[in-house]
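In: 3D, please:
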Amino acid sequence: AVRPGAEPRAFTAHFPDWSRTASALGAVDPLEAALQELRAASLEAQAADGAALATQANIAHRLEQTIRAADRLAAAGQTLEASQMVARAMEVAAQQEKRAADTPRREGVKTIPYAALRGHDVAGIDNGRKERYLADSEFDTVLGMSRAEFEALPEWRRQEIKKTKDLF
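Out: Next up is the predicted model:
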């Protein structure tokens with residue numbers, strides 16, 4: 001893999017505006033910066049919450065795997081595919097991070113029966129995420145899948161399911 005600032009002259013000769021000054025001035029590779037942020041978030045999460053740490057570590061690990069695969073593609077001359085792969089991985093990592101932050105820990109979360117949640121707003125809860133307040137057994141019965149399976153679905157699909165179950 002070629003690091004920024006160490007590009008071969010045979011490559012840079014094809015780009016008259018190529019600047020080595022950016023890397024010489026200490027420009028940070030955006031992928032490395034993102035990985036550093038994820039690692040830092042993982043360390044902060046470790047101090048705050050073990051479950052959050054597992055989520056952050058998992059996201060960072062998947063992102064690192066994607067970057068390695070992108071490096072192999074770039075080495076094979078498929079730079080567009082590599083950049084698209086990394087961009088998509090960053091997008092997915094951000095979605096997973098947001099989803100993890102939005103999902104409350106189950107212990108201590110009040111449960112509300114499905115009949116009370118169905119069809120209307122309930123005071124004192126996040127009405128956009130009514131599914132959070134279902135008991136685990138009721139969640140499986142009403143939505144036909146576990147919480148983990150539901151959270152793994154894309155946002156649009158979760159919204160559709162919630163509409164059909166009148167939890168919107």
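In: ok, T111 - contacts?
Out: Y133, L134, A135, E138 (C-beta atoms under 8 Å, 6 or more residues apart in numbering). (Each C-beta comes from the backbone N, C-alpha and C, glycine too.)
In: Apart from its neighbours in sequence, what residue is nearest the first one?
Out: Read it as Y133. Excluding the flanking residues, the one nearest Y133 by C-beta to C-beta, 6 or more residues apart in numbering is I112, at 4.4 Å.
In: Let me know whether the one you found touches A123 as I believe.
Out: No: counting by C-beta atoms under 8 Å, I112 does not reach A123; the two are 10.9 Å apart.
In: In terms of neighbours, single out the busier of these two.
Out: I112 (17 against 5; other C-beta atoms under 10 Å).
In: show me what contacts that one?
Out: Contact partners of I112, counting by C-beta under 8 Å, 6+ apart, are V122, I125, Y133, L134.
In: Out of these, grab the one that's most surrounded.
Out: Y133 (23 neighbours).
In: Thought Y114 was touching that one, still the case?
Out: No: in this structure, Y133 is not within contact of Y114 by C-beta under 8 Å, at 9.4 Å.
In: Please report phi then psi for P113.
Out: phi -60, psi 150 (degrees, to the nearest 10).
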